[in-house]
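[1] Next comes the sequence, and after it the predicted model I'd like to discuss.
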Number of protein chains: 2
Amino acid sequence: MNRLLLIISGVLISIIVSAQTTQEAAIKSIYDLELTKGESYSMLEYLTTKIGSRLSGSPGAAAAVDWTRHVMKDFADTVWLQPVMVPHWVRGKQEIARAVSKRSGTYSLNVCALGGSVGTGPSGISAEVVEVKTFDELRALGAAVKGKIVFFNRGFDMTRINTFSAYGGAVEQRAMGPSEAAKLGAIGVIVRSMASGPEDYPHTGGLRYAPNIAQIPAVAISTNHADQLSQLLKDEKNLTLYIETHCKTLEDAPSFNVIGEIKGSERPEEIIVVGGHLDSWDLAQGAHDDGAGCVQSMEVLRLFKQLGIRPKRTIRAVMYMNEENGLRGGTEYAKQAELKKEKHLAAIESDRGGFTPRGFSMSGTEAMKTKVRSWKAMLEPYGLTDFNQEGGGADIGPLANQGVALFGYLPDSQRYFFLHHTKEDTFDKVNKRELELGAAAMAALVYLIDVNGL
Amino acid sequence: MNRLLLIISGVLISIIVSAQTTQEAAIKSIYDLELTKGESYSMLEYLTTKIGSRLSGSPGAAAAVDWTRHVMKDFADTVWLQPVMVPHWVRGKQEIARAVSKRSGTYSLNVCALGGSVGTGPSGISAEVVEVKTFDELRALGAAVKGKIVFFNRGFDMTRINTFSAYGGAVEQRAMGPSEAAKLGAIGVIVRSMASGPEDYPHTGGLRYAPNIAQIPAVAISTNHADQLSQLLKDEKNLTLYIETHCKTLEDAPSFNVIGEIKGSERPEEIIVVGGHLDSWDLAQGAHDDGAGCVQSMEVLRLFKQLGIRPKRTIRAVMYMNEENGLRGGTEYAKQAELKKEKHLAAIESDRGGFTPRGFSMSGTEAMKTKVRSWKAMLEPYGLTDFNQEGGGADIGPLANQGVALFGYLPDSQRYFFLHHTKEDTFDKVNKRELELGAAAMAALVYLIDVNGL
């Protein structure tokens, strides 16, 4: 190598090293601030304990919209509401379910209506039960299902280390089970809760009725009671089940996505989105799902503001409405982005709970993924080691066909499906440091994308 | 390369690949069994909720020894008790502490005696308070400390991602603060709890009185009350503090390490140890510290037995007594190993809580570490990615000078110091899957060491 080349390489290397050092220092300042004076935890406390559950169309959802707009004004350049009509489902009175055995008496079962289900009304439904684990098993029963209640009882595959994979292997029962059963003339459905453990409380969650199929009532049953019901059925095939639910779907209601923005200083037209969903199921406070993702996203803006980091690109925190039972917010956001010809560079979603960090999933080009992985050494000291999973998130999914790079924040998955969509998803289940590490992780990724591009 | 060499390399590669495949399959069978029919969680439930706290010399510790011996008989070839005399400290009646301000009245403070502390007796102690953050600050005060109560108020460095590092940066105040203060004539010590967050309850933990220095009473104060006390002192320098504790040290008591063993089939003289400590502090159930480590260690033997894995080497599960306030069990175990000329190949300790897995720390030769890291690809699918930290554990530490390779199970550290040594360390804070993943991780490492050597 000649002398000049040597000097040039030296200079180039020192520029790269110094850029890296600057970026490392910025990331450290983000973590230091969040871990010493973070506000994500106190924001979550307010959202979950003062406002509480936030099902689309509910007073809680409306209060959350107001509060979020109010809070973000403190650290965003602009805050606005994006109107969206949402489904409005209400649970009504507490559900009742009883297994009635001619031999051994009556067993009360812990159930809750699935979101979107029609209700049985006050007279309830009563019928014999057929237990199946798969749709194939169900179809093989054919006419034998007519007039019965179908009991979907396939549990999580507990050997899958990533519990989202176990959820993915079971959730079709909840989502499509009711219509699959109705096709064969069933009059109701009871589904084993989507859960990682033996529990006494049921997990709700959305169902999707297929078009032109009778809509039949559907409930989830706690895993412990699913085991009990299965055992009872082994002893007595013609056991009857009584189910009473009072849920119904009202007219669509007006609601909003809440958006806060810090304008980019060099390329304001390029937008980086961070977000979570503001709505939650009605059974608890929606702390991990997805209060955590919301306050982490807001915290990204606050950290930038507080640290005086003026981003080159525009950073938006979007609190989507209606992820749980319609995805209307995420769909509307993408639609408006397309209509307004906005250029979104990247979208990051946090909707897997406020647990300790593991990494980010990614969806986009190979070149983009390679670039992000080249930042690994700067993120690993903070526990972010997993950059191998494909995917983004439900709310940002609709942006995919606009060529936006998608990222999903990946916290550890082990505790999520003990509380997901249940009465247990409360503020006290969130650890302060775990939540803060997630907020800082998202801010660090936004920072790296803003500085280095994609 | 000539033809023969090519064939030989091909054969060698396929032997290596097939060995790796066998090992991967064995590891998967360990995880599958633990995650579907694991018994670590139910064992922990018994140990923590039926037996409860297990401070050395207490009836709880004795009951735990009996129970552990009884349980291990089901899956160990041999179980025995190793006698050891242990310190016997008792807390006595609930502690009292009050800050008395001439201006604004009396403030009750949440405190608990430090383990090993002398008590104040029923008449308590009352004195002015001097607040310091470091031993240097204390020494600089010199004679001004005489007759006072010293308030050590240096908190955790919250910016350290690994909370054990933050603990390490603060714990000298608890361990050596009392004697450091006594050297200058202080009459008592109050120490900010070793904690990761703002909390209302104090954290106990052992102190170490220096030889030939007056032993003065010492308590820990909750972090929230430490902040309050510090604020009060800003307003009123000559505030007085009243402390009343009833703790005392009785005569040493007889106790035991509990040891279960599966004899090696090929090299029975080579021993691989897994262990945790059976004793706990008295304020709670010792669920994470260290009930978790105990049941995980026992579970390693049970998994081997249940899966029909006959180890080449001897596998021992050791439940050490008295890690918390004396380390007599770990010391005695190493002493006996030396006396009996036992050859320990490796010792693995789990004493950082039953949280989600991150990896293993190691202490030993570079060759050993390189070998273990060559197994990384087989362990990473289970969340075990961190093999970079130095260290083993307190109980296995005394084995180091016998040339034993030491390993510390590293779960995620974020939640530990919210409950460590407090009333909050209870069974309900342990997640079933997180605990099980730790047990399987330890069994997997034992398996790899047994099969491949070190």
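    Perfect, I can see it now. Numbering: from 1, shown residues only, chains lettered A, B, ... in the order given.

[2] Which parts of the stretch 301-450 of chain A are helices?
    Applying DSSP state H, counting those that start in this stretch to the stretch 301-450 of chain A gives helices spanning A:328-339, A:366-373, A:376-379, A:432-452.

[3] Check which helices and strands the shortest one is in contact with.
    Packing partners of helix A:376-379 (3 or more CB pairs under 8 Å, 6 or more residues apart in numbering or on different chains; DSSP states H and E): helix A:3-37, helix A:432-452. For glycine as for every other residue, the C-beta is placed from the backbone atoms N, C-alpha and C.

[4] Tell me which residues of the helix or strand following the longest one come out buried.
    Moving toward the C-terminus from helix A:3-37, the first helix or strand encountered (DSSP states H and E) is helix A:40-45. Along helix A:40-45, these residues count as buried under the neighbour rule (16 or more other CB atoms under 10 Å in any protein chain shown): A:Ser40, A:Tyr41, A:Met43, A:Leu44, A:Glu45.

[5] Quickly list the domain ranges of chain A.
    A:31-89+A:251-452, A:94-246 (automatic domain parsing).

[6] Give me whichever of those is most buried.
    domain A:31-89+A:251-452 (a mean of 22; mean count of other CB atoms under 10 Å in any protein chain shown).

[7] I'd like the distance from it to the chain centre, please.
    In terms of CA atoms, centre = their mean, to the nearest Å, the centre of domain A:31-89+A:251-452 is found 10 Å from the chain centre.

[8] Quick one: end-to-end distance for it.
    19 Å (CA to CA, to the nearest Å).

[9] cool, stretch A:150-163 as well?
    The first-to-last residue distance of stretch A:150-163 comes to 26 Å (CA to CA).

[10] Could you give the separation of that stretch from the chain centroid?
    The answer for stretch A:150-163 is 19 Å, by CA atoms, centre = their mean.

[11] what separates the residue in the stretch 201-350 of chain A positioned nearest to chain B from A:Gln389, distance-wise?
    Chain B sits closest to A:Thr223 of the stretch 201-350 of chain A, with a gap of 12.1 Å, by CB to the nearest CB. Distance of A:Thr223 to A:Gln389, given as CB to CB, to the nearest Å: 26 Å.

[12] Name the strands paired with the longest strand seen in chain A and say parallel or antiparallel.
    The strand that spans the most residues within chain A, counting by DSSP state E, is strand A:248-262. Partner strands for strand A:248-262, per DSSP bridges, with pairing direction: strand A:78-90 (antiparallel), strand A:313-320 (antiparallel).

[13] I'd like the average pLDDT over that strand.
    When pLDDT is averaged over strand A:248-262, the result is 98.

[14] ok, now which ones touch the spatially most central residue of chain A?
    Residue closest to the average C-alpha location in chain A (CA atoms, centre = their mean): A:Asp351, at 3.7 Å. For A:Asp351, the contact set (CB atoms under 8 Å, 6 or more residues apart in numbering or on different chains) comprises A:Gly276, A:His277, A:Asp289, A:Asp290, A:Gly293, A:Glu323, A:Gly393, A:Ala394, A:Asp395, A:Gly408, A:Tyr409.

[15] Contacts only, for A:Ile449.
    A:Ile272, A:Arg313, A:Leu345, A:Ala346 are the contacts of A:Ile449 under CB under 8 Å, 6+ apart.

[16] If we use 10 Å, what do you get?
    Residues in contact with A:Ile449 (CB atoms under 10 Å, 6 or more residues apart in numbering or on different chains) are A:270, A:272, A:311, A:313, A:315, A:345-346, A:348, A:368, A:371-372, A:375, A:405, A:407.

[17] Closest to A:Val86 out of those residues?
    A:Ile348 (23.3 Å; CB to CB).

[18] hang on, that closest one packs against A:Ser297?
    Yes. Judged on CB atoms under 10 Å, A:Ile348 makes contact with A:Ser297 at a distance of 8.1 Å.

[19] Pull the contacting residues for the closest residue to A:Lys102 other than its chain neighbours.
    Leaving aside its chain neighbours, A:Lys102 sits nearest to A:Glu236 (7.1 Å; criterion: CB to CB, 6 or more residues apart in numbering or on different chains). By CB under 10 Å, 6+ apart, the contact set of A:Glu236 is A:Ala99, A:Val100, A:Ser101, A:Lys102, A:Arg103, A:Ser104.
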